Structure formats: C-alpha cells, structure tokens
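K.L.:
model the structure of this input:
(chains A and B)
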Amino acid sequence: MSPRAAWRLHSLGFTDVYEYSAGKADWGAVGLPLEGKAAKSVRVKDIARGDVPTCGLADTVGSARMHAGDWGTCIVVNDERVVFGRLFKEQLEGDPNARVGDVMRPGTSTFRPNVSAVEMLDYMDRRHHETSLVTTSDGRLVGLVLREDVERAVGRRR
Amino acid sequence: MHKIVGHEEVQRLMRDGAQIVEVLPREEYGEAHLPGAINIPLKELDAKTASSLRRDRAVVVYCDDFQ
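P.N.:
Okay, here's the model as predicted:
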C-alpha cells in the first residue's frame, strides 16, 4: 500500500518522498512509541525488566551463576545485546567450568516490545510460563517480563 | 523515484520536520499510528487531500508491513 501512495504523491508533483516500507508493525516491534487508542494499553516493553543478568557465550557457567544471583536465569548475549540463548536454573547449577555457549538453551521464545500485556498473559497461561524474553525485531534484548508484573499490569491474578 | 527508509531514517526525518503520513483506513490509524502522523487513506489520496501537505518538506508514507 505504501509504494502506491509514494508513487501517487510523485504523480501529484511531490519530489521529496520516502517510503517506510516496514511500517508501523516494525516501529512498534523495535519499541518506538505509537499514538492512538490501542497504543494506550500496557505493552511488554513498559514492564520488561532491562536489568536482567546477561552473560557471553565464552563465559563459564560459574561466572554466569554469580551474575544471575537470585534471578535464577541469565540471558546469553553478544556485545550488541543480541540474544543467543538463555541459562535456566538447571544449567546454572551445572558444571561451573562449562562454557555458557555449550550448555545454554538456544531457541528460547521471544516477544516483540509492542505485544500487549493481555496477549502476554494469555500466552503465559497457555504455556505455563513464569517469564518471557522481550527482544527487538533485530534480536536485541529489551528485558525479561515476569508473570507477576504482567498480572499487575492486566489487573488480574490466577 | 522515492527512497525506501528504515525506522532510524524515519526518526531523523521526523526531527528534520518531515510530514509523516499513514495511508491505512481511519479505523486502523485511530488504533495506533506513528507520533505526529496524519492520516490520508490511500483510497482518498488525490490532489485535494494531498493539498494539506507542504511540497517544500519531505513526506514519509507508511502503512503496515504486510499490506
């Protein structure tokens, strides 16, 4: 639709025309603000905890465990905060000398920042998840969403 | 010939005073739109509706990513 609009503007004599082909789905997915009725509802980017512990592929499990502290999880990222995987309690309690990259869980589900808290809670209910990772559309870590925060945002408890 | 841009370039254009135009129907615009965007649905985009736009400033058009 936007290519047609751009060409139509050209035909009407506009010369400085740009097409944002990825559109507002992309805008929301990278965590940029939107205006409008739906934009007023709570999004996961609003409640994601950006201070979730992180570690690198080459780190040891022992080091990641120290970072994780009471969180019980550590997110595996590179210098650009692109997510590679995640260590859960099970991996954090394993061999402290093992490399994070060898024991991490790759392929963990991630959600875009513009997912609503209601949608997030529905997903968590269906999958019995207590936490979910939020990343931008290019895979960068935004934070970790906790069920208790989502429930508070939605205003209901199990 | 228009230029295809990403969100970073759109933000720069916004700062430089570009006019942001969502071409989706009014209902979808009302639900969510880029900050400061105006709505000219594609079906209504003609010389009359485009007259609300300034020709001496850049225009960025967008819809959703799948339409």
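K.L.:
what bits of chain A have low per-residue confidence?
P.N.:
By pLDDT under 70, the low-scoring segments of chain A are A:156-158.
K.L.:
quick one: contacts for the residue positioned nearest the centre of it?
P.N.:
Centroid-nearest residue in chain A: A:Val134, 1.4 Å away (criterion: C-alpha atoms, centre = their mean). A:Val134 is in contact with A:44-45, A:48, A:110-113, A:115, A:141-145, counting by C-beta atoms under 8 Å, 6 or more residues apart in numbering or on different chains. Any C-beta I mention is one placed from the backbone N, CA and C, and that applies to glycine too.
K.L.:
most surrounded residue in those?
P.N.:
Neighbour count (other C-beta atoms under 10 Å in any protein chain shown) singles out A:Val145 as the most crowded of those, with 28 neighbours.
K.L.:
in which helix or strand would I find that residue?
P.N.:
Per DSSP states H and E: A:Val145 is located in strand A:141-146.
K.L.:
give the next helix or strand downstream of that strand.
P.N.:
Once the chain leaves strand A:141-146, the next helix or strand it forms, by DSSP H and E, is helix A:147-154.
K.L.:
list the buried residues of that next one.
P.N.:
A:Arg147, A:Asp149, A:Val150, A:Ala153, A:Val154 (16 or more other C-beta atoms under 10 Å in any protein chain shown).
K.L.:
and the strands in the chain, which stretches?
P.N.:
In the absence of a named chain, this looks at chain A. Using DSSP state E, the strands of chain A run over A:17-20, A:54-55, A:74-77, A:83-87, A:110-111, A:131-135, A:141-146.
K.L.:
meant chain B, my bad for not saying
P.N.:
B:3-4, B:19-22, B:38-39, B:59-62.
K.L.:
list the neighbouring strands of the first one plus their orientation.
P.N.:
Using DSSP bridges, the neighbouring strands of strand B:3-4 in the sheet come out as strand A:17-20 (parallel).
K.L.:
who touches the strand it pairs with?
P.N.:
A:2-3, A:5-6, A:9-10, A:26-27, B:2-7, B:9-10, B:13, B:18, B:58-62.
K.L.:
re the thing from before, what's the closest of the strands of chain A to B:Ser52?
P.N.:
strand A:17-20 (15.2 Å; C-beta to C-beta).
K.L.:
who are the contact partners of the residue nearest to A:Trp7 when sequence neighbours are not counted?
P.N.:
With C-beta to C-beta, 6 or more residues apart in numbering or on different chains as the criterion, A:Trp7 has its nearest non-adjacent residue at 7.4 Å, and that residue is B:His2. B:His2 makes contact with A:Ala6, A:Trp7, A:Leu9, A:His10, A:Val17, A:Tyr18, A:Glu19, according to C-beta under 8 Å, 6+ apart.
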